[in-house]
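> Any chance you could fold what I've pasted below:
(4 chains, ligands or ions: 4)
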Protein chains: 2
Amino acid sequence: MNSFTEENYLKAIYKLSLNGVQGVSTNAIAYKLATKPSSVTDMIKKLADKKLVSYQKYQGVNLTKKGRDVAVSIIRNHRLWEVFLVEKLNFKWDEVHDLAEELEHINTHKLTERLDEFLDFPKFDPHGDPIPDKDGYIVQHKDITLSDLKIGEKAVVVGVKEHSKSYLNYLEQQHLVLGAEIIIKDIVEFDATMQILVNNKHVIISNQASKNLIVKKN
Amino acid sequence: MNSFTEENYLKAIYKLSLNGVQGVSTNAIAYKLATKPSSVTDMIKKLADKKLVSYQKYQGVNLTKKGRDVAVSIIRNHRLWEVFLVEKLNFKWDEVHDLAEELEHINTHKLTERLDEFLDFPKFDPHGDPIPDKDGYIVQHKDITLSDLKIGEKAVVVGVKEHSKSYLNYLEQQHLVLGAEIIIKDIVEFDATMQILVNNKHVIISNQASKNLIVKKN
DNA sequence: TTATATTTTTAGACTAGTCTAAATTTTATT
DNA sequence: AATAAAATTTAGACTAGTCTAAAAATATAA
Ligand SMILES: [Mn+2]
Ligand SMILES: [Mn+2]
Ligand SMILES: [Mn+2]
Ligand SMILES: [Mn+2]
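Numbers count the residues shown, from 1 in each chain, chains lettered A, B, ... in the order given. Ligands and ions are numbered 1, 2, ... in the order given. Here you go, the predicted model:
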């Protein structure tokens, strides 16, 4: 089968492909995995040998069907475990990512499907990210962020684009959890800082923060 | 921290120490881990450098306090995950060991304690093996096996000494699950084959099988 | 108690994954 | 189109863990 390392490369390539990029660059992968471009080149060659990616020197890399299937299945595991940790073991949404990074590699079909069933087939993880179904089908978020809204508009929080502990923790303190209802009261022209109502409470939020919060208009 | 490999060596040494052996041999470890004695020697040196074992050339190896703590905590994880898989995800007792071998290495204090709580602090795993408490305290089974019993004696199944899929599967077919009540009806003198009543059903069981079944007399 | 068998260790080689430094290719800029 | 800059690949080295074959130490037996 595939090593943890190979799986992490496939996942990284998958995520980098989502921005519609054709041919994921060596540097981008290296940055995402906090490794060096030369290491990435070595690994790409191995993945190409295993028919998990297609690759021509200097031209970037693309997942094959086989490679995409592996990546999506890892992501499915990751997000199901995050649901488990939050729903069943009472972890907070800013605590689960690192654990899920390890659990995701226990990639056994039966375990995944039993877990899915135990959790009652959740559609989204604790950060609002969609969980691929068992056939690998996955709905991608439309990325409307809080920063796209105008004064007077209303919306609901449905996800985050940034998953760092500090960001998630900050959001929770501002009551900006999944499902929170928002009304835009004012926007500072200079730096796009927003004054909003979150479940009827006044909150001030920077552009840095608002552009990473995914919302659904209503 | 420690690698998966190091943890597996510590666990193997721990288990081999349980038979009261003073100084676990290189060959025994190699056999248990299905590796070569020369590999074991290399690893022992590394574990000794990390103060996880004490070791003198040719004299066998012993766990230090530190090494024992790691081993017991891995075993605690392993057994808690086995309980989870059986109790919550409806796996059978012959299906969980290999998955637990992987899950046990996600050795994060908070996860272990939350899982323990979620499972309502179980004392034994699905094979009757005792689960160490959070301070590493562990009760060892007294090894009274079915094969120790005489005609007419009564007992209850409390565990197994052999964990192979085929053995566990066979036991289940003979209704010899944890808690099953046994009465010894007859013993063949030649090969110690037993004729027993299991929850009032007649069962014939070989010595090979009966000497791996841990029971409590009553 | 010397010879033989067994166990354990050492020496040297191999794979996976990583790194630095240097070479090559592609892209951007004059 | 020539040159500079950036991205990518190659070359060679390193670590963790493993192996085979040979040497050394210990245990067993004549
Ligand atoms: Mn995550
Ligand atoms: Mn998530
Ligand atoms: Mn087990
Ligand atoms: Mn068990």
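> if I pick the residue nearest the centre of chain A, what's in contact with it?
What sits nearest the mean C-alpha location of chain A, by Cα atoms, centre = their mean, is residue A:129, with 5.7 Å. Counting by Cβ atoms under 8 Å, 6 or more residues apart in numbering or on different chains, residue A:129 touches A:79, A:141, A:159. Yep, even glycine has a C-beta here, placed from its N, CA and C like the rest.
> Look up the closest residue to residue A:10, ignoring the ones flanking it.
Nearest residue to residue A:10, sequence neighbours excluded (Cβ to Cβ, 6 or more residues apart in numbering or on different chains): residue A:71, at 4.4 Å.
> Count the residues that sit near the one you found.
24 (other Cβ atoms under 10 Å in any protein chain shown).
> Residue in chain A with the shortest distance to ligand 4?
Of all residues in chain A, residue A:111 sits closest to ligand 4, at 16.4 Å by Cβ to the ion.
> Can you give me the domain assignment for chain A?
A:4-63, A:73-140, A:144-217 (automatic domain parsing).
> just checking, the residue of chain A closest to ligand 4 touches residue B:100?
No: Residue A:111 lies out of contact with residue B:100 (Cβ atoms under 8 Å); the separation is 10.8 Å.
> residues bridging contact with those two, i.e. touching both?
Residues touching both residue A:111 and residue B:100 by Cβ under 8 Å, 6+ apart: residue B:85.
> residues from chain A in reach of DNA strand C?
A:3, A:5-6, A:35-36, A:38-39, A:42-43, A:46, A:57-58 (Cβ under 7 Å from any atom of the strand).
> can you pick the most crowded of those?
residue A:43 (20 neighbours).
> Give me the pLDDT for that residue.
Looking at residue A:43, its pLDDT stands at 98.
> who's in contact with whichever strand or helix holds it?
In this assignment (DSSP states H and E), residue A:43 forms part of helix A:37-49. By Cβ under 8 Å, 6+ apart, the list of residues contacting helix A:37-49 from outside reads A:5-6, A:9-10, A:26-27, A:29-30, A:33, A:53-55, A:61, A:67.
> hang on, the earlier thing: what residues are up against the residue nearest to residue A:10?
Contacts of residue A:71 by Cβ under 8 Å, 6+ apart are A:7, A:10-11, A:13-14, A:63.
> tilt between the helix or strand where residue A:75 lies and helix B:65-87?
Per DSSP H and E: residue A:75 is located in helix A:65-87. Calculated by axes from the mean of the first three to the mean of the last three Cα atoms, to 10 degrees, helix A:65-87 forms an angle of 100 degrees with helix B:65-87.
> Whichever helix or strand comes after helix A:65-87 packs against which elements?
As assigned by DSSP H and E, the chain's next helix or strand after helix A:65-87 is helix A:97-103. With contacts taken as 3 or more Cβ pairs under 8 Å, 6 or more residues apart in numbering or on different chains; DSSP states H and E, helix A:97-103 sits against helix A:65-87.
> Let me know the average pLDDT across the helix it packs on.
98.
> That one: which residues count as buried?
A:67-68, A:70-86 (16 or more other Cβ atoms under 10 Å in any protein chain shown).
> just how off-centre is it within its chain?
With Cα atoms, centre = their mean, to the nearest Å as the basis, helix A:65-87 stands 11 Å off its chain's centre.
> In CSV, list the C-alpha atoms belonging to it.
C-alpha atoms of helix A:65-87 as CSV (Å, rounded to 0.1, in the frame of the first residue of the first chain):
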residue,chain,number,x,y,z
LYS,A,65,-7.9,8.9,-11.1
LYS,A,66,-6.1,6.4,-8.8
GLY,A,67,-4.2,9.1,-7.0
ARG,A,68,-7.3,11.3,-6.6
ASP,A,69,-9.2,8.3,-5.1
VAL,A,70,-6.5,7.8,-2.4
ALA,A,71,-6.4,11.6,-1.6
VAL,A,72,-10.2,11.8,-1.3
SER,A,73,-10.4,8.8,0.9
ILE,A,74,-7.8,10.2,3.3
ILE,A,75,-9.7,13.4,3.4
ARG,A,76,-12.9,11.5,4.1
ASN,A,77,-11.2,9.7,7.0
HIS,A,78,-9.8,13.0,8.3
ARG,A,79,-13.1,14.7,8.4
LEU,A,80,-15.0,11.8,9.9
TRP,A,81,-12.5,11.5,12.7
GLU,A,82,-12.8,15.2,13.3
VAL,A,83,-16.6,14.8,13.7
PHE,A,84,-16.0,11.9,16.0
LEU,A,85,-13.6,13.9,18.2
VAL,A,86,-16.0,16.8,18.5
GLU,A,87,-19.3,15.1,18.7
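> okay, the angle between it and helix A:37-49?
Helix A:65-87 and helix A:37-49 are oriented at 110 degrees to each other (the same axes, to 10 degrees).
> for chain A, what spans make up the strands?
Secondary structure of chain A (DSSP state E): strands at A:53-55, A:61-63, A:154-160, A:181-187, A:194-198, A:201-205, A:213-217.
> can you tell me if the second one touches DNA strand D.
Right, the one you point to is strand A:61-63. No: against DNA strand D, strand A:61-63 shows no contacts by Cβ under 7 Å from any atom of the strand, the least distance being 7.7 Å.
> can you tell me which of the buried residues of helix A:65-87 are up against ligand 2?
For ligand 2, the contacts drawn from these by Cβ under 5 Å from the ion are residue A:82.
> about what we covered before: and the residue of chain A closest to ligand 4, what does it touch?
Contacts of residue A:111 (Cβ under 8 Å, 6+ apart): B:85, B:89, B:99.
> Repeat the analysis, applying 7 Å as the threshold.
Neighbouring residues of residue A:111 by Cβ atoms under 7 Å, 6 or more residues apart in numbering or on different chains: residue B:99.
> and the closest residue to residue A:170 other than its chain neighbours, how many neighbours does it have?
What sits nearest to residue A:170 in space, not counting adjacent residues and going by Cβ to Cβ, 6+ apart, is residue A:209, at 7.0 Å. A count of nearby residues for residue A:209, using other Cβ under 10 Å, gives 20.
> Please apply the same query to residue A:119.
Neighbours of residue A:119 (other Cβ under 10 Å): 15.
> what about it, distance to DNA strand C?
30 Å (Cβ to the nearest atom of the strand, to the nearest Å).
> Identify the residue spatially nearest to that residue, adjacent ones excluded.
Counting by Cβ to Cβ, 6+ apart, residue A:83 is the residue found nearest to residue A:119 once chain neighbours are left out, at 5.2 Å.
> what residues are up against that neighbour?
Counted by Cβ under 7 Å, 6+ apart, residue A:83 has contacts A:119, A:122, A:125-126.
> So which of the residues you listed reach ligand 2?
residue A:125.
> which of the contacts of residue A:83 lies closest to DNA strand C?
residue A:125 (25.2 Å; Cβ to the nearest atom of the strand).
> Fine, thanks again, bye for now.
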